[in-house]
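> need a structure here:
(4 chains)
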Protein chains: 2
Amino acid sequence: MTKTEDRVGRVYDLVRKMAENFEFKPESQINEVALAKSFGTSRTPVREALNRLVAEGFLTFQARRGFFCRPLSPSQILSLYEARIAVETEAVRLAIRKSSDSQLEALLETLRRVLTEYDQCKDPGRLLELDEQFHVDIAKGSKNQELVRILENLNARIRFVRLIDLKHAYLNGGADTASSRIPSHSTIMQYIANREESAAVDTIRKHIERRREETTEAVAKAFAEIYIVDDDA
Amino acid sequence: MTKTEDRVGRVYDLVRKMAENFEFKPESQINEVALAKSFGTSRTPVREALNRLVAEGFLTFQARRGFFCRPLSPSQILSLYEARIAVETEAVRLAIRKSSDSQLEALLETLRRVLTEYDQCKDPGRLLELDEQFHVDIAKGSKNQELVRILENLNARIRFVRLIDLKHAYLNGGADTASSRIPSHSTIMQYIANREESAAVDTIRKHIERRREETTEAVAKAFAEIYIVDDDA
DNA sequence: CTTGATTGAATTGTCGACAATTAATTATAC
DNA sequence: GTATAATTAATTGTCGACAATTCAATCAAG
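Below is the predicted model:
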């Protein structure tokens, strides 16, 4: 009966996705028994998964009170964007510095492929995935697993807000499509190809900063989305 | 009997300290029952703590195999140093940019106090604490909790190697004391005071890079320390 | 002597139970 | 009617137990 399979892993994936998408409302308490029941497991694997997610910044924990969803605030999201800048600027620098010519060409080829699909993509969800992949691929070029790890965590925690933002942009302006919104992807690639470190760094910085500036508005939209069904507020 | 107190917290602190100090040998498996017994608890709180530590990068986990101590390798430590550079250079930039004059002065006063004790400190352990505090205080100046959080995690994971390194430096060269080893602390402060962003960034980068260069040797020393008692290798 | 199978011991994964605590509800006083 | 106290319900924290699996040791065959 107890099949000693990896329930924690399954539960972790599910809860993480829920936390990413704010299916738990910001600051709200998470009910362990309800979660466990919904997964058809006991509380033990659920709690283990929740502990991991606390350490990853998706949830918070108060002793004897329980687990809570992370808050959603512009300043919090802003911090994540700033951290992305920290990680990605250094990552691109290292990628340029550490890569051989052939490695750099391989990286650029990977980026080109991502960008090809990106440019003709209309689905906001897929668009976001591709954008993340572009940036993570560059980070992998740094040959620094730690930077990649941090970046992936930051991405997951920003994801929800970015997706809402992208959906709105997609609905409002048809002209405001992928390639027009982010012309700097190819610019970044150009600088990488020429090994122009500081230019690449600056471009990435500005690239992310541009997104950061929409944050406050995007967070407001995100709140609207989260509380869309409730009308008794 | 079950006093519903925060055992996980206690256990977490203890296990984390053990993991920091490589009291578990690199790559070795961690025995849950033995740990639990040594703490006088059941396995439940132990496993919850272990899960947190996996997410924080102190341990690894393989399904149906268990928890393992993180590996100790020069390249791993190097990655952590590089990540520190990423975080700290951006942090100091933000600190300068975001702080009012009075906030900047308050930060400098804090740094001065840390440096005062630092300069006359002879204990390697305390010395390391103070150095970390210096850097974390600057990071706090960025008003970005995320950067601080990341930095503190990186620090904890580098700590063991740095401490070994410091102890050796302390034993070998008396002339090679604190202030002579790191003249750039005050330089960094000077640039912060003058709001010279790029100069401050460069100095911090070089400051950390210098440490990074000792890494390979320091890791070798760390290994020697870890396996010092065992003679059956 | 090495290789491979078989058995036995040690370890992990999950569960259900229960005490302790916190939160919610009702009752009571003013 | 509001505020405070007492009671009840819901939730968390930890435990011991047990099945499933992995690991170690023993033994057999080549």
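
> any idea how far the residue nearest to the spatial centre of chain A is from residue A:87?
Most central in chain A under Cα atoms, centre = their mean is residue A:155, positioned 2.0 Å from the mean C-alpha point. Plainly put, residue A:155 is 10 Å away from residue A:87 if you go by Cβ to Cβ, to the nearest Å. Just so you know, the C-beta spots here come from the backbone N, C-alpha and C atoms, and that holds for glycine as well.

> quick one: the helix or strand containing residue A:151 near chain B?
If you go by DSSP states H and E, residue A:151 is part of helix A:145-172. Yes: on the criterion Cβ under 8 Å from any Cβ of the partner chain, helix A:145-172 is in touch with chain B at A:145, A:146, A:147, A:149, A:150, A:154.

> check which helices and strands that helix sits against.
helix A:7-20, helix A:74-98, helix A:124-141, helix A:215-226, helix B:74-98, helix B:145-172 (3 or more Cβ pairs under 8 Å, 6 or more residues apart in numbering or on different chains; DSSP states H and E).

> go through those helices and name the closest to residue B:184.
helix B:74-98 (12.3 Å; Cβ to Cβ).

> out of the residues of helix A:145-172 next to chain B, which end up buried?
The neighbour-count test (16 or more other Cβ atoms under 10 Å in any protein chain shown) marks A:146, A:147, A:150, A:154 as buried among the residues of helix A:145-172 next to chain B.

> who touches the nearest residue to the second one once chain neighbours are set aside in this structure?
The reference is to residue A:147. Using Cβ to Cβ, 6 or more residues apart in numbering or on different chains and skipping the chain neighbours, the partner closest in space to residue A:147 is residue A:91 (4.9 Å). If you count contacts by Cβ atoms under 8 Å, 6 or more residues apart in numbering or on different chains, residue A:91 has them with A:138, A:139, A:141, A:142, A:144, A:147, A:148, A:151, B:86.

> what's near enough to touch the residue in chain A that DNA strand C sits nearest to?
With Cβ to the nearest atom of the strand, the shortest gap between chain A and DNA strand C falls at residue A:7, namely 2.4 Å. The neighbours of residue A:7, taking Cβ under 8 Å, 6+ apart as the test, are A:41, A:45.

> okay, it: pLDDT?
The model reports residue A:7 with a pLDDT of 85.

> against residue A:48, how distant is it?
Taken as Cβ to Cβ, the span from residue A:7 to residue A:48 is 9 Å.

> what does residue A:136 give?
From residue A:136 to residue A:48 the distance is 27 Å (Cβ to Cβ).

> between these two, which has more neighbouring residues?
Comparing residue A:136 with residue A:48 by other Cβ atoms under 10 Å in any protein chain shown, the one with more neighbours is residue A:48, at 22 against 18.

> got the domain boundaries for chain A?
A:7-69, A:74-224 (automatic domain parsing).

> the helices and strands packed on helix A:145-172 into TSV, with extra columns for distance to DNA strand D?
Shown next, in TSV, are the helices and strands packed on helix A:145-172 (distance: least, Cβ to the nearest atom of the strand, whole Å):
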stretch	distance to DNA strand D
helix A:7-20	12
helix A:74-98	23
helix A:124-141	29
helix A:215-226	20
helix B:74-98	22
helix B:145-172	21
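
> now render the domains of chain A as CSV, adding distance to residue B:98.
Shown next, in CSV, are the domains of chain A (distance: least, Cβ to Cβ, whole Å):
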stretch, distance to residue B:98
domain A:7-69, 22
domain A:74-224, 10
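
> and those, which one's lowest on average pLDDT?
When I compare those, domain A:74-224 is least confident, with a mean of 93.

> can you tell me the residue of chain A closest to DNA strand D?
Closest point on chain A to DNA strand D, by Cβ to the nearest atom of the strand, is residue A:66, at 3.3 Å.

> can you tell me the closest non-neighbouring residue to that residue?
Residue A:66's closest residue in space is residue A:29 (Cβ to Cβ, 6+ apart), at 5.5 Å.

> quick one on the thing from earlier: okay, the helices and strands packed on helix A:145-172 in CSV with distance to residue B:114 next?
Listed next are the helices and strands packed on helix A:145-172 as CSV, based on distance: least, Cβ to Cβ, whole Å:
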stretch, distance to residue B:114
helix A:7-20, 37
helix A:74-98, 23
helix A:124-141, 33
helix A:215-226, 33
helix B:74-98, 15
helix B:145-172, 15
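
> keeping just the C-alphas, turn the helix or strand where residue A:50 lies into PDB.
Residue A:50 belongs to helix A:43-55 when elements are defined using DSSP H and E. Taking C-alpha atoms only, helix A:43-55 is exported to PDB below (Å, rounded to 0.1, in the frame of the first residue of the first chain):
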ATOM      1  CA  ARG A  43       0.100  15.500   5.800                       C
ATOM      2  CA  THR A  44       3.600  14.200   6.100                       C
ATOM      3  CA  PRO A  45       4.700  14.500   2.400                       C
ATOM      4  CA  VAL A  46       2.700  17.800   2.200                       C
ATOM      5  CA  ARG A  47       4.600  19.300   5.100                       C
ATOM      6  CA  GLU A  48       8.000  18.300   3.600                       C
ATOM      7  CA  ALA A  49       7.100  19.900   0.300                       C
ATOM      8  CA  LEU A  50       5.900  23.000   2.100                       C
ATOM      9  CA  ASN A  51       9.200  23.300   4.000                       C
ATOM     10  CA  ARG A  52      11.100  23.200   0.800                       C
ATOM     11  CA  LEU A  53       8.900  25.900  -0.700                       C
ATOM     12  CA  VAL A  54       9.600  28.100   2.400                       C
ATOM     13  CA  ALA A  55      13.300  27.900   1.800                       C
END
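
> next, the buried residues of it.
A:44, A:45, A:46, A:47, A:48, A:49, A:50, A:51, A:52, A:53, A:54, A:55.

> so the residue of chain A closest to DNA strand D touches residue A:33, yeah?
No: using Cβ atoms under 8 Å, residue A:66 makes no contact with residue A:33, being 10.8 Å away.

> those two: who's more crowded?
Neighbour tally, residue A:66 and residue A:33, criterion other Cβ under 10 Å: the higher count belongs to residue A:66, 15 against 10.

> select, from the contacts of residue A:91, the two members most distant in space.
Checking those with Cβ to Cβ, the most distant pair is A:141 and B:86, at 14.1 Å.

> relative to residue A:30, how far out is residue A:16?
Distance from residue A:16 to residue A:30, by Cβ to Cβ: 12 Å.

> now swap in residue A:202 and tell me
42 Å.

> likewise for residue A:97?
Taking Cβ to Cβ, one finds residue A:97 at 44 Å from residue A:30.

> which one's more surrounded, those two?
A direct count of neighbours by other Cβ under 10 Å for residue A:97 and residue A:30 places residue A:30 higher, at 20 against 11.

> count the neighbours of the closest residue to the more buried one other than its chain neighbours for me.
Nearest-residue entry for residue A:30: residue A:67, 4.4 Å, with adjacent residues in sequence omitted and distances by Cβ to Cβ, 6+ apart. Per other Cβ under 10 Å, the neighbour tally for residue A:67 reads 23.
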